[in-house]
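Colleague: please work out how this folds:
(chains A and B)
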Amino acid sequence: MTIRFLPSGDTALVVEFGSVVDRALSDRVLRLAAGLEGTKGIVETVPTFRSIMIHYDPLSTGFAELKSAVEALLGRDKPIERQAKLWHVPACYEGEWAPDLEDVARRTGLGTAEVVKLHSEVRYHIYMLGFLPGYPYMGDLPEVLRLPRRIDPRVKVPAGSVAIATTMTAIYTLESPGGWHLIGTTPLRFFDPAAERPAILSPGDAIEFEPVSPGEFASVKRAVLAGDYKVQSERLVL
Amino acid sequence: MTLKVASPGFHTTVQDLGRVGWQDSGVPVSGALDPLSLRIANGLVGNAPDAAALEMLLMGPTLEVEAESVRVALAGDAAKLEILGESPRALLSHQSVFLSRGQKFRVAGLASSACAYLAIEGGIAVPPFLGSASTYVRGGLGGFEGRALRAGDLLPLVRDKSPERPELRLRRAPEIDRDVIRVVLGPQDDFFDEANIATFLGSDWRISRDADRMGMRLEGPTLAHKAGYDIVSDGIVTGAIQVPGSGQPILLLADHQTTGGYPKIATVISADLPAAGRRRPGGTIRFAAVTVEEAEEIRRAQERDLAKLLASAETVMQEAIIDLGALYSANLISGVVG
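Modeller: You can find the predicted model right below:
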């Protein structure tokens, strides 16, 4: 598929690399986002699965000018470097912290321990944040864990819930309605309005879940609430 | 140094020009539905255009000055600022007015727009969230405690007193409303055939009663997608018109989510966003297509007009405003106040 430049009014331009959720497309989106940093007239960029929305100020640039800038970036021989972080995220996959785990095990024909093992041994790629402030859409889920969304969405999903649906996994960053299967809970806060940077995750980052017991969950949660917990992360240059 | 909220109105929130730069974290922009009127209100009291002001929807608040003095200006609607008390008077919008401690004033039902703005000289002292004072009620973020005002709230002000000086008044009311709202087709107009695009552009759409700051559902003929209505989620800009499976479009406004999974048939041009944001629930709306180049030119022209309008504001003495107000009080609104 060729790259498409789609106007979204006179304040946003969509650069679309394809029409499906795909890691290679996501990589191109994220590299373009990195390359566009500091471009005159750009207000912000929003990378999504297979396209990027470039929000701009029509008083200082325009559709044609930005299209040329993007084409110049994409025409370079060397790929644009992008930086990301790998986050290590404790999650408890037991008891009250995993309300749908048994249901998921039944539907997938696996044991609960196997579901946990499969879910926690993948390094997930954050395609984008959306739906809720800080909410990461991550992939890709092992094929055997892929289920459609729940038929009866919950009115309240607690913040911290680790959820799966289709090819994705996610963390509910705030309490909200939701239709995904809840297989674990992290004691960490991924959207804290009082923090200097409320959403710590960025599109293009990676996450690895580390199963913890209810006891470890409780002690991490206490540390988080006391402000004594630093999320473990490493820098990645891609 | 506060404004005490005696009555909050229908939905009154603190808004500025929005919270930009955090949409890649999923944080909506929010901000004024009618940014032109916000800028005018701010201009009339000498604030920066992006200062935080009160946005009121449909029915305004009743406020009491709990500061030595304030200078305020109402913009965006033909509604009057009514000063209550022993000698009540009503002032036309689009001028500043100086008020002292203990004075009570209100904006009753809005007349010509769904929204209006009250700017206060010096601004509102709410802590900025991610660089903006705008309230995102659904997420409980920003503004005054992340919510609409309630009776009894004390809205903190930056200044305890405003200097005495002549007031500012626009020489003519700004022309923001338009019969036809202009759009640029896309980004997903290719999900619709020509006949459905023609239906979209050729119909009067009724604005649903449940329209809010997130968006307005548009009721009218059912639009058919060529093949399916699910797209892989992509970015959303304020003014985007998405068409879900029901075939009834939704015009997304300031509090819209940052991304979404429905095809967007068209996007309101930035110059006409204020006009769209002012449309009242239950009214109708109609669209016409322009090119993105035309949209950019229209916007530049609008910015020039706004600069001219504000630069040509006349200074008037407070006494003149009071006299004029007394006239309105006697002839136009007798029995309404006091």
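
Colleague: only C-alpha atoms for contact and neighbour calcs from this point on.
Modeller: Will do.

Colleague: before we move on, what SS does B:A295 have?
Modeller: Secondary structure, DSSP: H, G, I helix; E, B strand; the rest coil: B:A295 is helix.

Colleague: and it, what's its pLDDT?
Modeller: Looking at B:A295, its pLDDT is 98.

Colleague: give me the number of residues near it?
Modeller: Counted with other Cα atoms under 10 Å in any protein chain shown, the neighbours of B:A295 add up to 24.

Colleague: ok, the one 5 residues further on next?
Modeller: Close neighbours of B:R300, defined as other Cα under 10 Å, add up to 15.

Colleague: with B:D179 instead?
Modeller: By the criterion of other Cα under 10 Å, B:D179 has 11 neighbours.

Colleague: next, the distance between the ends of stretch B:90-106.
Modeller: Start-to-end span of stretch B:90-106 (Cα to Cα, to the nearest Å) is 9 Å.

Colleague: pLDDT of it, averaged?
Modeller: Mean pLDDT, computed over stretch B:90-106, is 95.

Colleague: where does the prediction get shaky in chain A?
Modeller: A:1 (pLDDT under 70).

Colleague: can you pull the residues of it lying near chain B?
Modeller: Counting by Cα under 8 Å from any Cα of the partner chain, the positions of chain A adjacent to chain B are A:6-12, A:14, A:19-21, A:43-53, A:55, A:58-59, A:62-63, A:128-135, A:193, A:199, A:201-203.

Colleague: just the buried residues of these.
Modeller: Buried subset of those (neighbour count, 16 or more other Cα atoms under 10 Å in any protein chain shown): A:6-12, A:14, A:21, A:43-53, A:55, A:58, A:62-63, A:128-135, A:199, A:201-203.

Colleague: restricted to helices, list those residues.
Modeller: In this view, these that belong to helices under DSSP state H are A:F63.

Colleague: show me where the chain has helices.
Modeller: Assuming you mean chain A. Using DSSP H, helices in chain A cover A:23-36, A:63-74, A:101-108, A:112-120, A:214-226.

Colleague: that was the other one, I meant chain B.
Modeller: So, for chain B - with DSSP H - the helices run B:35-44, B:194-202, B:273-277, B:292-311, B:318-331.

Colleague: next, the angle helix A:63-74 makes with the longest one.
Modeller: When you say that, I think you mean helix B:292-311. Here the directions of helix B:292-311 and helix A:63-74 differ by 120 degrees (axes from the mean of the first three to the mean of the last three Cα atoms, to 10 degrees).

Colleague: alpha carbons of helix B:292-311, as PDB, please.
Modeller: Backbone C-alpha positions of helix B:292-311 (Å, rounded to 0.1, in the frame of the first residue of the first chain) are rendered in PDB as follows:
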ATOM      1  CA  VAL B 292      -8.000  22.400   2.700                       C
ATOM      2  CA  GLU B 293      -6.300  25.300   0.900                       C
ATOM      3  CA  GLU B 294      -9.500  27.300   1.100                       C
ATOM      4  CA  ALA B 295     -10.000  26.400   4.700                       C
ATOM      5  CA  GLU B 296      -6.500  27.700   5.600                       C
ATOM      6  CA  GLU B 297      -7.100  31.000   3.700                       C
ATOM      7  CA  ILE B 298     -10.500  31.400   5.500                       C
ATOM      8  CA  ARG B 299      -8.800  30.900   8.800                       C
ATOM      9  CA  ARG B 300      -6.100  33.500   8.100                       C
ATOM     10  CA  ALA B 301      -8.800  36.000   7.100                       C
ATOM     11  CA  GLN B 302     -10.700  35.300  10.300                       C
ATOM     12  CA  GLU B 303      -7.600  36.000  12.400                       C
ATOM     13  CA  ARG B 304      -7.200  39.300  10.600                       C
ATOM     14  CA  ASP B 305     -10.800  40.200  11.200                       C
ATOM     15  CA  LEU B 306     -10.600  39.300  14.900                       C
ATOM     16  CA  ALA B 307      -7.500  41.400  15.300                       C
ATOM     17  CA  LYS B 308      -9.300  44.400  13.700                       C
ATOM     18  CA  LEU B 309     -12.400  43.900  15.800                       C
ATOM     19  CA  LEU B 310     -10.400  43.900  19.000                       C
ATOM     20  CA  ALA B 311      -8.200  46.800  17.900                       C
END
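
Colleague: count the residues that sit near the spatially closest residue to A:V224 that is not a sequence neighbour.
Modeller: Leaving out its chain neighbours, the residue that sits closest to A:V224 by Cα to Cα, 6 or more residues apart in numbering or on different chains is A:L188, at 6.6 Å. Neighbours of A:L188 under the rule other Cα under 10 Å: 23.

Colleague: for A:V70, see how far away A:L188 is.
Modeller: 37 Å.

Colleague: could you do B:A276 as well?
Modeller: For B:A276, the distance to A:V70 - Cα to Cα - is 31 Å.

Colleague: looking at the two, which is more packed in?
Modeller: Shown here are B:A276 and A:V70; by other Cα under 10 Å, B:A276 has more neighbours (29 against 17).

Colleague: which non-adjacent residue is nearest the more buried one?
Modeller: B:I181 (6.8 Å).

Colleague: please name the residues that touch the one you found.
Modeller: Contact analysis of B:I181 by Cα atoms under 8 Å, 6 or more residues apart in numbering or on different chains lists B:V268, B:D272, B:A275, B:A276, B:I285, B:R286, B:F287, B:A288.

Colleague: picking that back up, turn the helices of chain B into JSON lines, including distance to B:L185.
Modeller: Output for the helices of chain B, formatted as JSON lines (distance: least, Cα to Cα, whole Å):
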{"stretch": "helix B:35-44", "distance to B:L185": "23"}
{"stretch": "helix B:194-202", "distance to B:L185": "9"}
{"stretch": "helix B:273-277", "distance to B:L185": "15"}
{"stretch": "helix B:292-311", "distance to B:L185": "9"}
{"stretch": "helix B:318-331", "distance to B:L185": "45"}
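
Colleague: show me chain A divided up by domain.
Modeller: Per automatic domain parsing, the structural domains of chain A span A:4-81, A:84-237.

Colleague: apologies, that question was intended for chain B.
Modeller: According to automatic domain parsing, the ranges for chain B are B:2-169+B:316-331, B:180-299.

Colleague: tell me which residue is most central in chain A.
Modeller: A:P136 (2.6 Å; Cα atoms, centre = their mean).

Colleague: isn't that residue right up against A:I171?
Modeller: Yes - at 6.4 Å, A:P136 counts as touching A:I171 under the criterion of Cα atoms under 8 Å.

Colleague: okay, now A:L74: neighbour count?
Modeller: For A:L74, using other Cα under 10 Å, the count is 16.

Colleague: not including adjacent chain positions, what is the nearest residue to it?
Modeller: Spatially, and ignoring its direct neighbours in sequence, A:L74 is nearest to A:L32 (7.4 Å; Cα to Cα, 6+ apart).

Colleague: can you tell me how far the residue of chain B found nearest chain A is from A:S202?
Modeller: In chain B, the residue found nearest to chain A is B:G26; the distance is 4.2 Å by Cα to the nearest Cα. In this view, B:G26 and A:S202 are 10 Å apart by Cα to Cα.

Colleague: find the residues that touch each one of these two.
Modeller: Common contact partners of B:G26 and A:S202 (Cα under 8 Å, 6+ apart): A:L129.

Colleague: ok, now which ones touch the residue of chain A most remote from its centre?
Modeller: Ranking residues of chain A by C-alpha distance from their mean position (Cα atoms, centre = their mean) puts A:L59 at the top, at 32.2 Å. The contact partners of A:L59, by Cα under 8 Å, 6+ apart, come to A:G41, B:E296, B:R299, B:R300.
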